[in-house]
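Asker: Prediction below, plus the sequence it came from.
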Amino acid sequence: MISYEEALEIVIGSAGSHGSETIPLGNAIGRVLSESIAASFPLPRFDNSAVDGYAITAEDGKALAERGEILTRLKGASAAGASAESEIQRGECHRVFTGAPLPTGTGGVVMQEDARAEGDCVKLAGEYEASQHIRRAGEEWSEGDLVLPGGLKLNPAGVALAAMLGRAEVAVRRLPRVSIVVTGSELVPPGRALESGQIHESNSFAITAALHQIGITPVSCECVPDERHATDAAIERGLQAADVLLTSGGVSVGDHDLVKAVFEDQGIERRFWQVAVKPGKPVYFGVRPRDSKAVFGLPGNPMAILTSFILLVKPHLLAATGHGEPRPRFHSAILKEGVRHQPGRMEFVPSWLEADSVSPYLGQRSHMLGGMARANALIQVPSDVKEIVPGSTVKVIPFGGISQ
């Protein structure tokens, strides 16, 4: 066995780029830019009003600041989307609405709450500061400025900023193509009647759902019995279709655990097998040298699959997608209920994290999903610890859960 830290560095270090693709901007949330986007025009594009009110000259603004009120002649009005081809002189005001281009000569804008119409004139009152309520052209970005650098993960603001720059499409790092192969002669699809010795197949659903949470839809998914020919054919198809293959089951040491042998036949170079973690000890990772395709042989137990995904598979996929920090992010929290542990392997316990405290779901073995289904974090229990008492500070990996 190798340590979790060693395994994590191996899977991240083995993640290569899968190139880039151009996609519609509306589909770009969470994706990593493979291009840098510069401003082709200033932002804002033109001087505009930040409020509904009246544009006045700098001279009138100074007079307003000194006297507390002035009377101006209304010259015109403009709303957002109107032409900017207007001008005001001293003693004049121009009715403007939020986002409207300002007339030439504007020194500031007085809010409509501080204005009162008097015939064809407007009396303006209140405090005044030079250039107030003006959004100046180029005050955020000048033409040619680097706005969105390559390697940036697009959040909603980044997507909107690309739209403001007129981009309908963006070039992003391509997501890895992922195939799933689940093995087990006892497995029957949900919805089909069970016979003696059979169970419903759930692992493909667990893996697919975990992939969807990071924006990846698997390109293929198969479930095969514990037979050498069927396993070999399914893994070959999965490798042909994908950049990364995820298998479930068949990587332990039993007579029916065929997956490792099939990996070797497919030219996979093993990077590790068995990691000193609980659950998830028998996880396998390898790479096929001739095409750099990666393979994860995950355990067959449901909770071990999901834990292995969070700890190892997800970091590999995020690294391949170009995320700057693909490693799990540990947070500190106060333990509400004590945890006992058999030293030897680092353990990860499903838990509920709320503010700065965390409650473990105890008694959950690797084939049990009840605690994991309610959890939103994993408590890390160091390998050499026998017990963590309530009130201790522990490290946790938040991951979200159905109760959030």
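Answerer: Structure's in. What do you need?
Asker: Any regions of the stretch 201-350 of the chain where pLDDT drops low?
Answerer: Low-confidence segments of the stretch 201-350 of the chain (pLDDT under 70): 253-256.
Asker: and the nearest residue to residue 30 once chain neighbours are set aside, how many neighbours?
Answerer: With sequence-adjacent residues excluded and distances taken as C-beta to C-beta, 6 or more residues apart in numbering, residue 30 is closest to residue 215, at 5.3 Å. Just so you know, the C-beta spots here come from the backbone N, C-alpha and C atoms, and that holds for glycine as well. By other C-beta atoms under 10 Å, 13 other residues sit near residue 215.
Asker: Distance-wise, check residue 215 relative to residue 257.
Answerer: For residue 215, the distance to residue 257 equals 32 Å [C-beta to C-beta, to the nearest Å].
Asker: next one: residue 24
Answerer: Per C-beta to C-beta, residue 24 is found 44 Å from residue 257.
Asker: Kindly export the one helix or strand residue 349 maps to (C-alpha atoms) in CSV.
Answerer: Using DSSP states H and E, the element containing residue 349 is strand 346-354. Output in CSV follows, covering the C-alpha atoms of strand 346-354 (Å, rounded to 0.1, in the frame of the first residue of the first chain):
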residue,chain,number,x,y,z
MET,A,346,-6.2,7.0,7.2
GLU,A,347,-10.0,6.9,7.6
PHE,A,348,-12.6,9.2,6.1
VAL,A,349,-15.9,9.3,8.0
PRO,A,350,-19.2,10.6,6.4
SER,A,351,-20.4,13.6,8.4
TRP,A,352,-22.5,16.7,8.6
LEU,A,353,-20.6,20.0,8.6
GLU,A,354,-22.5,23.0,9.9
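Asker: Where do the helices of the stretch 101-250 of the chain begin and end?
Answerer: 156-164, 203-213, 228-241 (DSSP state H, counting those that start in this stretch).
Asker: For the first one, name the packing helices and strands.
Answerer: The reference is to helix 156-164. strand 146-148 (3 or more C-beta pairs under 8 Å, 6 or more residues apart in numbering; DSSP states H and E).
Asker: neighbouring contacts of the strand it packs on?
Answerer: Under the contact criterion C-beta atoms under 8 Å, 6 or more residues apart in numbering, strand 146-148 has outside partners 33, 36, 37, 38, 39, 43, 141, 154, 158, 161, 162, 165.
Asker: Show me what that strand pairs with in its sheet, parallel or antiparallel.
Answerer: The strands that strand 146-148 pairs with in its sheet are strand 37-38 (antiparallel) (by DSSP bridges).
Asker: Show me what the closest residue to residue 242 other than its chain neighbours bridges to in the sheet.
Answerer: Distances taken as C-beta to C-beta, 6+ apart place residue 179 nearest to residue 242, at 3.7 Å, with adjacent residues excluded. Beta bridges link residue 179 to residue 220, residue 245, judged by DSSP bridges.
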